[in-house]
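> sharing a model prediction with you, sequence too.
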Amino acid sequence: MSGRLRAALLLAALASPARAVETRFWEVAGGEEFLQGDLMGVALTAAGEIVLAPDLDSVSLTVGATPPPPFVWRAVRDRKGNLFVGSGIRGAVYRVTPAGEVSIFFTVPELEVHALAIDSKDRLLVGSSPSGRVYRVTPDGKGETFFEPQERYIWDLAVGRNDAVYIATGEHGMLFKVDADGEGKAWFDADEPHLAALAIDVDDSVLVGSSGTAIVYRIAPDGTPHTLFDADGQEIAGLAVLPSGLVFAAVNTLIPPEKKPKEERQRNDPEETLAGEFPSGPPGLPGVEDLTGRGDELPVGRAQQETLKLRSAIYRIPALGDTRKIWESAEEGVHSLLVTREEQVLFGTGVPARLRRIDAGEESARLLARFPESQLTALAAAERGGVAAFTSNQGRLYRGSSEFGESGDYLSAVRDAGGNARWGKVAWSAAAEAGARVEIATRSGNSARPDATWSEWSAAATLSTGSPIGSPPGRYLQFRARLSRLGDAPTPSLRRVSLSYQEANLSPQVDDVRVAPLPPAKPGAEDEPGREGTPAALKVTWSASDPNGDVLTYEVSTRREAIGATEPGAWQRLARGLRETTTSWDTTSVPAGRYRVRVRASDVADNDEATALLHEASSEPIVVDRDPPRVEIVSTSGQGGLLRATLRATDAVSAVVRCDVTLDDRPSIRVRPADGLDDDAEERYEITLPDVAPGNHQLRVNVRDREGNRASQSVTVEVQR
């Protein structure tokens, strides 16, 4: 992968639905599910099984007081087992000896070293950028300029027969061939701005990968070019050739971030200094030119870390047709590619940094390791068939052998049971020959992330057909699978883990019990024509929920409230076994009074009697009243043209809300109670009617209570002169 694309990417990287209470099973199996956890000394095969991984040891690239480089672009190994590492941003080439000693072996005046190669005399070839040059460095560290292609970027180097050096460059997409004496010439001119990857084929042809439209070219020893593969992507990030001539190509495509105004980016992320506008490639593709003069430390904006992404794929390209896509990802980019002596293809990805392997004859990849850094950007062969893996953000070396380790752990993701739960059994499917074993331990807690409040790891379960989970009840659970082997025993493999649990039953909840229509149904309802008394049929509604998602059944009851000195009545069941949150109440034969409606919810349908829980709620008081109020004409008198009367109206349940009087054939008039408010079950009225002629007159009184019940009374009043 060219530094143009890699530089920009690496610089920018750094509630379940409720269900009923029942026994549940948490099963982890297959690649996607196992990848949710952490692999520590174990690998994930292409078939989705966990196996032991090669042992890895870690080496910091710190040299004295100099911190490790943030980025590692390329790595090669000489015949003595020394590893050489091209870095950014200081232009330093590091050497790591077989003993793990780290030193700065050579430094170029340019900022970046994206390309390295070793010739037959163990001389190191160093390609620098920008202002691209190729240096040749002897084993004792003495270097000189070997070739200047007059190109800005050196993206890759490869050494062919007779120590011929091939140089992939940008910005003009030129491939140069230089002989051992430093005499060079343009060997191929692509119709693209950058050539990003090189490999030497078995017949000494040169394979060239471009950046722009992602084409793999084969340049014959006589210089004749041929298009081998036109990929669906943006850049050929790496090439590898097996001894059989089978070619593997890594293809990357940059997914550009959503463009925001510069002012908004700076406001959201004051640390942002790299805006993705480096003028090293085609418009819209970031590069590294803008790094010049910025010094060694370049803060990276958090917004870019979250938005710059790659999608990638690995293709297998035979000599004649039938190109196959072996692996792909919509989230990870491929940053390095290597063929092992066992004809396996290793490749490094990010984010996060992962090492994968394609075995000979396989058409899928297995995950070997995941690293804490952001990307795995360089791979080189190590001693005894092992691998040297270099990460970026920050730069670090991991060395591994070709043999399986003796033990390793798989740490699962945390399982949220949705509430406090008790754990059942753990079982697993695995293959383990004599001398190999798989053990499962668990821990639990009540915080989403394991912390000091969690339980300790349980004793290891060894019975794969089912062992009790030894962790205390809690909301969250995690398991650890430990794989181990003794001596020459083959690695065990873990295919599936199943854990059972059951949530604690939680009480249902009933809310908002309503009886409709609630009087008054609306302002002025007491004036509706034709309305008299409480409706005979009332509708009862409520809302209910259960935190476990249990099926609920409801019992509805009514009770008459205490009035005055009377005691409240007993609850009378109206309905039971309901599944809907509504029912009707026929009050035709219900005595007048103030009532409450109670709804009781039970989760017994999904629980046994011993564990089932109840919850209840009641409505606001509802008045049932179809009895008319009582009207009493307490006294009357008439003299001198005035008629006076004292009236009293009473109701057993409801407030008396209106009183009207009519004298003879005069229009009816409304009268107010003595206190001015129509709001009591007993009201007293004092009325005086003027301009009444002497003689006998008919006085009629009409009253109405709040439920619309009406009553009237008449009396003859004599008015004297």
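Received it, and whenever you're ready, just let me know what you need.
> ends of stretch 48-68, how far apart?
One end of stretch 48-68 to the other measures 35 Å (CA to CA, to the nearest Å).
> with stretch 539-552 instead?
20 Å.
> show me the contact partners of it.
17-21, 419, 503, 505-516, 554, 556, 574, 579, 581-585, 597, 599, 601-603, 605-607, 617, 619 (CB atoms under 8 Å, 6 or more residues apart in numbering). All C-beta atoms are positioned from the backbone trio N, CA, C, and that covers glycine.
> so for that stretch, mean pLDDT?
Mean pLDDT, stretch 539-552: 91.
> so Q698 versus R684, what's the distance?
As judged by CB to CB, to the nearest Å, Q698 and R684 stand 22 Å apart.
> out of those two, which sits in the more crowded spot?
Neighbour totals were compared for Q698 and R684, and R684 leads with 15 against 12 (other CB atoms under 10 Å).
> can you pull out the helices in the stretch 201-350 of the chain?
262-268, 302-307 (DSSP state H, counting those that start in this stretch).
> quick one: average pLDDT of the lengthiest strand in the chain?
The residue-count maximum for a strand in the chain (DSSP state E) belongs to strand 415-431. Mean pLDDT, strand 415-431: 91.
> packing partners of it?
strand 24-29, strand 436-445, strand 467-468, strand 474-485, strand 493-503 (3 or more CB pairs under 8 Å, 6 or more residues apart in numbering; DSSP states H and E).
> of all those strands, which one comes closest to E112?
Taking CB to CB, strand 474-485 is the member of those nearest to E112, at 40.8 Å.
> so what's the gap between that closest one and the chain middle?
Distance, stretch centre to chain centre, for strand 474-485: 22 Å (CA atoms, centre = their mean, to the nearest Å).
> thinking again about what came up before, and the longest strand of the chain, what's buried?
For strand 415-431, the buried set under the neighbour-count rule, 16 or more other CB atoms under 10 Å, comprises R415, A417, G418, A421, R422, W423, G424, K425, V426, A427, W428, A430.
> thought the last one was touching L463?
No: here A430 does not reach L463: they are 11.7 Å apart, not a contact under CB atoms under 8 Å.
> returning to what we had before: turn the buried residues of strand 415-431 into a markdown table, columns for distance to L246.
Listed next are the buried residues of strand 415-431 as a markdown table, based on distance: CB to CB, whole Å:
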| residue | distance to L246 |
| --- | --- |
| R415 | 42 |
| A417 | 49 |
| G418 | 50 |
| A421 | 51 |
| R422 | 54 |
| W423 | 49 |
| G424 | 49 |
| K425 | 47 |
| V426 | 43 |
| A427 | 41 |
| W428 | 37 |
| A430 | 33 |
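> which among these gets closest to D201?
Proximity of the buried residues of strand 415-431 to D201 (CB to CB) peaks at A430, which lies at 42.2 Å.
> who's in contact with that closest one?
Going by CB under 8 Å, 6+ apart, A430 touches V438, S464, P492, S493, L494, R495.
> hmm, back to that, pick the one among the buried residues of strand 415-431 closest to P69.
Using CB to CB, those come closest to P69 at R415, 39.5 Å.
> tell me who's in contact with that closest one.
Neighbouring residues of R415 by CB under 8 Å, 6+ apart: W26, Y476, L477, Q478, L499.
> now the closest residue to E561 other than its chain neighbours: how far from D156?
Using CB to CB, 6 or more residues apart in numbering and skipping residues adjacent in sequence, the residue nearest E561 is R594, 4.3 Å away. Taking CB to CB as the measure, R594 falls 90 Å from D156.
> of those two, which one has the most company?
More crowded of R594 and D156, by other CB under 10 Å: D156, with 27 against 17.
> helix, strand or coil for that one?
In three-state terms, and counting by DSSP: H, G, I helix; E, B strand; the rest coil, D156 is strand.
> surely it and L125 touch.
No: counting by CB under 8 Å, D156 stays clear of L125, with 10.8 Å between them.
> common neighbours of the two, please.
The contact lists of D156 and L125 share A115, where a contact means CB under 8 Å, 6+ apart.
> domain assignment for this protein?
Annotated domains of the chain cover 3-12+31-56+70-256+305-405, 408-503, 509-624, 630-719 [automatic domain parsing].
> pull the helix or strand with minimum mean pLDDT from this structure.
The least trusted helix or strand in the chain, going by mean pLDDT, DSSP states H and E, turns out to be helix 302-307, with a mean of 38.
> related to what we said a few turns ago, just name the closest of the buried residues of strand 415-431 to T716, please.
Closest approach between the buried residues of strand 415-431 and T716, by CB to CB: G418, at 78.6 Å.
> where's the closest one relative to F176, distance?
Distance of G418 to F176, computed by CB to CB: 63 Å.
> next, the contact list for F84, please.
Going by CB under 8 Å, 6+ apart, F84 touches A75, V76, R77, D78, V93, Y94, R95, F105, L116, I118, L124.
> V93 is in contact with the first one, correct?
No: using CB under 8 Å, A75 makes no contact with V93, being 10.2 Å away.
> overlap of the contact sets of the two?
Going by CB under 8 Å, 6+ apart, residues that sit against A75 and also against V93 are F84, V85, G86, L116.
> ok, E373 - contacts?
By CB under 8 Å, 6+ apart, E373 lies in contact with G350, P352, A353, T391, S392, N393, Q394, R396.
> I misspoke; the intended subject was S471.
W423, T442, R443, S444, S455, S458, L477.
> distance check, it against S458.
S471 sits at a distance of 5 Å from S458 (criterion: CB to CB).
> what do those two both touch?
Common neighbours of S471 and S458 (CB under 8 Å, 6+ apart) are T442, R443.
> rewinding a little: closest one of the contacts of E373 to A536?
P352 (70.6 Å).
> ok, whichever strand or helix holds V540: who's next to it in the sheet?
Using DSSP states H and E, V540 sits in strand 537-545. With DSSP bridges as the test, strand 537-545 is paired with strand 509-516 (antiparallel), strand 582-586 (antiparallel).
> which parts of it are buried?
L538, V540, T541, W542, A544.
> stretch 66-82 too?
Under the neighbour-count criterion of 16+ other CB under 10 Å, stretch 66-82 has P68, P69, P70, F71, V72, W73, R74, A75, V76, R77, D78, N82 buried.
> stretch 641-661 too?
643-645, 647-651, 653-659, 661.
> identify the farthest-apart pair in these.
By the measure CB to CB, L643 and V653 form the most distant pair in the buried residues of stretch 641-661, at 32.2 Å.
> sorry, back to before: who are the neighbours in contact with the residue nearest to E561?
By CB under 8 Å, 6+ apart, R594 lies in contact with R560, E561, I563, P621, I622, V623, V624, V653.
> ok, these vs A214, which is closest?
Minimum distance to A214 across the contacts of R594 is 75.5 Å, recorded for I622 (CB to CB).
> where does the stretch 151-300 of the chain have low pLDDT?
Low-confidence regions of the stretch 151-300 of the chain, defined by pLDDT under 70, span residues 257-300.
> avg pLDDT for stretch 623-634?
Per-residue scores along stretch 623-634 average to 91.
> can you get me the start-to-end distance on that stretch?
29 Å.
> likewise for stretch 474-493?
30 Å.
> ok, which stretches of the stretch 301-450 of the chain are strands?
Here the stretch 301-450 of the chain has its strands, by DSSP state E, counting those that start in this stretch, at 309-317, 324-329, 333-339, 345-350, 354-358, 366-370, 375-381, 387-392, 396-404, 407-411, 415-431, 436-445.
> can you check the stretch 151-300 of the chain too?
Under DSSP E, counting those that start in this stretch, the stretch 151-300 of the chain gives strands at 153-159, 165-170, 174-178, 184-189, 194-200, 206-211, 215-219, 225-230, 235-241, 247-255.
> need those in CSV (columns: distance to A381).
Below are the strands of the stretch 151-300 of the chain laid out as CSV (distance: least, CB to CB, whole Å):
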stretch, distance to A381
strand 153-159, 15
strand 165-170, 20
strand 174-178, 24
strand 184-189, 27
strand 194-200, 15
strand 206-211, 19
strand 215-219, 23
strand 225-230, 25
strand 235-241, 12
strand 247-255, 16
